[in-house]
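*Asks:* Predicted model and sequence below, questions to follow.
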Amino acid sequence: MATYRLFHGAVITPVSVHKAEFWPNALLHVNSSGIIEWIVSDVESSQIQSVALEKGLVVDDSVDVYELRHGEWLMPGFIDTHTASPDAGGQYELLDWLNNVTFPTESRFADTKFAERVYSSVVDRVLNSGTTTCCYYGTLHLEATEILAKIVHNKGQRAFVGKCNMNRNSGSYQEDSTAQSIERTRKLISSIRALSPSSPLVHPVLTPRFAISCTTDLLHALGDLAKQDPTLAIQTHISENLSEIEFTRELFPEASSYADVYKRAGLLTDRTILAHAVGLGTDCSGGFSPSILTAVRDAGIASKVIGMTAVGSLPSPYAKLHLNGVKTATTEPDKPKLANKTLPLSALLHLSTLGGAQLCNLEHTVGSFEAGKEFDAVWVSVRPEAGNPGIWANLGEEGKEGKGEKMPADSLEALLEKFFFCGDDRNVRKVWVRGRLVGGVDK
């Protein structure tokens, strides 16, 4: 394998919710450590060697040059901020679904061989769908969640992995005590950090399942852990449906809101990832597939409905949101807020990449293509040979039937939109994390 890599062709990268860059002829250099050295946005094929030389790179046998064809492009890897890795099924509302589907399914992960088989398949499928970073919810089992973390590490994905903390309102599927739950959590943190102490891709995350499944003592004990180690991320659920919210209100009458339950416990910080509130996640247990493309489509469709009806006040994740004084996201100055409006293509791209990185405090490492960031990337193809009948992409001039006119090829923006709304894993040809090829049809 060559030491350096040059990619020439179309590159798409987010800038903000209102802006994305679409470069049809970019030249991107990745070094041997999987770091982006530089990007030049407009380079003809005949200029590759001269432009590289200007940047101090001699294109010789130590450099692999990848040429992307029309209908192919590089984009940042998807970031899934809510991946419920053990579960599936969705014919019930939340609380009934947990009792009838989720908890019985998760109980099976006490069998470590079963856990290894399922988790290996889950991580493969997620990677092959173009997701380079996941926030994984494991089960309450320490051993099974350690297996998940090891699989993620060995397959080269970037991830946060958490063992669910839950000691009430979960039938027979719950931990015996706060002490047991915290002890297992501490062991998992140590186990994950031992996987790659110097340069980790996999990080532990505190995971109180949701307020209903945790006693006040357990929530506060987890908050104490977070206070002792401010580098720990936190993930949990919030306000998924009305029956959940009402039950939470009954369990925590002292709290002024659902968010206040977490705030009182010290679990609402700038490192908290709130599923169903901020960011895009597949929730592939209760969602439709392990692909973030389904979440992109859902967000696009939901925003259209909201934009058309403007019912109620549904804040955008890009407005200045505060949950009891804790800032979760900010809008750009002098830019219109996106609340109650259809999300543009730039926002959908941002949500699925850089926005997720910001939520996970990874925006200085991944989420967009910039010099100094790590190369977490997807090579997408909407060409006919990808074999997806759902996408028809006009990749060159064609004579209009019955007329002599020529129809111009689809723009890069149009191709991205077709991929977002009609694409699947067949269109994901290669997937890299920190420069390592980890997935895709052509891996």
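*Replies:* Structure's in. What do you need? Numbers count the residues shown, from 1 in each chain.

*Asks:* all strands for the stretch 51-200 of the chain, in order.
*Replies:* Along the stretch 51-200 of the chain, the segments classed as strands by DSSP state E, counting those that start in this stretch run 63-67, 72-76, 78-84, 131-137, 158-162, 164-165.

*Asks:* so where is the chain shaky, pLDDT-wise?
*Replies:* 1, 85-90, 278-280, 282-289, 297, 299-341, 397-407 (pLDDT under 70).

*Asks:* now with 80?
*Replies:* Within the chain, the ranges that satisfy pLDDT under 80 run 1-2, 85-93, 277-342, 396-408.

*Asks:* Let's have the strands of the stretch 51-200 of the chain in a markdown table, adding distance to Arg184 and mean neighbour count.
*Replies:* Every residue, glycine included, has its C-beta placed from N, CA and C. Putting the strands of the stretch 51-200 of the chain into a markdown table (distance: least, C-beta to C-beta, whole Å; neighbours: other C-beta atoms under 10 Å) gives the following:
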| stretch | distance to Arg184 | mean neighbour count |
| --- | --- | --- |
| strand 63-67 | 45 | 15 |
| strand 72-76 | 34 | 24 |
| strand 78-84 | 19 | 27 |
| strand 131-137 | 15 | 29 |
| strand 158-162 | 11 | 28 |
| strand 164-165 | 8 | 26 |
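
*Asks:* Among those, which comes closest to Ala409?
*Replies:* strand 72-76 (13.1 Å; C-beta to C-beta).

*Asks:* Looking at the strands of the stretch 51-200 of the chain, which is nearest to Glu417?
*Replies:* strand 72-76 (12.6 Å).

*Asks:* re earlier: of the strands of the stretch 51-200 of the chain, give the one that comes closest to Asn388.
*Replies:* That would be strand 72-76 among the strands of the stretch 51-200 of the chain, by C-beta to C-beta, at 13.3 Å.

*Asks:* and the closest one, how far from the chain's centre?
*Replies:* Chain-centre distance of strand 72-76: 16 Å, with C-alpha atoms, centre = their mean, to the nearest Å.

*Asks:* Touching that strand from outside, list them.
*Replies:* Contacting residues not belonging to strand 72-76 are listed as 7, 9-14, 28, 68, 132, 349, 353-354, 366-369, 376-383, 412, 415-416, 429 [C-beta atoms under 8 Å, 6 or more residues apart in numbering].

*Asks:* sorry, back to before: adding distance to Gln358 as columns, could you present the strands of the stretch 51-200 of the chain in JSON lines?
*Replies:* As requested, these are exported to JSON lines (distance: least, C-beta to C-beta, whole Å):
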{"stretch": "strand 63-67", "distance to Gln358": "29"}
{"stretch": "strand 72-76", "distance to Gln358": "12"}
{"stretch": "strand 78-84", "distance to Gln358": "9"}
{"stretch": "strand 131-137", "distance to Gln358": "12"}
{"stretch": "strand 158-162", "distance to Gln358": "14"}
{"stretch": "strand 164-165", "distance to Gln358": "25"}
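
*Asks:* where exactly do the helices run in the stretch 251-400 of the chain?
*Replies:* 258-264, 292-309, 345-352, 354-359 (DSSP state H, counting those that start in this stretch).

*Asks:* which helices and strands sit right next to the first one?
*Replies:* This means helix 258-264. The contact analysis (3 or more C-beta pairs under 8 Å, 6 or more residues apart in numbering; DSSP states H and E) places helix 258-264 against helix 216-228, helix 242-251.

*Asks:* Determine how far it lies from the middle of the whole chain.
*Replies:* The answer for helix 258-264 is 25 Å, by C-alpha atoms, centre = their mean.

*Asks:* now the last one
*Replies:* Computed by C-alpha atoms, centre = their mean, the chain-centroid distance of helix 354-359 equals 8 Å.

*Asks:* Kindly report the same for stretch 232-249.
*Replies:* Averaged C-alpha coordinates place stretch 232-249 at 20 Å from its chain's average position (C-alpha atoms, centre = their mean).

*Asks:* Just the CA trace of that stretch, in CSV.
*Replies:* The C-alpha trace of stretch 232-249 is given here as CSV (Å, rounded to 0.1, in the frame of the first residue of the first chain):
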residue,chain,number,x,y,z
LEU,A,232,-17.0,11.2,29.6
ALA,A,233,-19.8,11.7,27.1
ILE,A,234,-23.4,11.1,28.3
GLN,A,235,-26.3,9.7,26.2
THR,A,236,-29.9,9.2,27.0
HIS,A,237,-33.5,9.5,25.7
ILE,A,238,-35.8,12.5,26.2
SER,A,239,-39.4,13.3,25.2
GLU,A,240,-40.0,10.4,22.8
ASN,A,241,-43.8,10.4,23.1
LEU,A,242,-46.5,11.8,25.3
SER,A,243,-47.1,8.7,27.5
GLU,A,244,-43.4,8.6,28.3
ILE,A,245,-43.4,12.3,29.2
GLU,A,246,-46.4,11.9,31.5
PHE,A,247,-45.0,8.8,33.3
THR,A,248,-41.7,10.8,33.8
ARG,A,249,-43.7,13.6,35.3
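
*Asks:* For Val152, give its distance to Asp124.
*Replies:* 11 Å (C-beta to C-beta, to the nearest Å).

*Asks:* now do Leu415
*Replies:* Counting by C-beta to C-beta, the gap from Leu415 to Asp124 is 26 Å.

*Asks:* cool, Leu53 as well?
*Replies:* Separation of Leu53 from Asp124 (C-beta to C-beta): 40 Å.

*Asks:* same question, Tyr136
*Replies:* 14 Å.

*Asks:* Identify the residues contacting Asp229.
*Replies:* So Asp229 contacts Ile189 (C-beta under 8 Å, 6+ apart).

*Asks:* show me the contacts for Glu67.
*Replies:* Neighbouring residues of Glu67 by C-beta under 8 Å, 6+ apart: His8, Gly9, Ser45.

*Asks:* can I get those residues in CSV with neighbour count, distance to Ile182 and secondary structure?
*Replies:* Below are the contacts of Glu67 laid out as CSV (neighbours: other C-beta atoms under 10 Å; distance: C-beta to C-beta, whole Å; DSSP: H, G, I helix; E, B strand; the rest coil):
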residue, neighbour count, distance to Ile182, secondary structure
His8, 21, 52, strand
Gly9, 21, 51, strand
Ser45, 12, 59, helix
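
*Asks:* between the residues you listed, which is closest to Phe210?
*Replies:* For the contacts of Glu67, the minimum distance to Phe210 (C-beta to C-beta) is 44.2 Å, reached by Gly9.

*Asks:* Cool, thanks, signing off.
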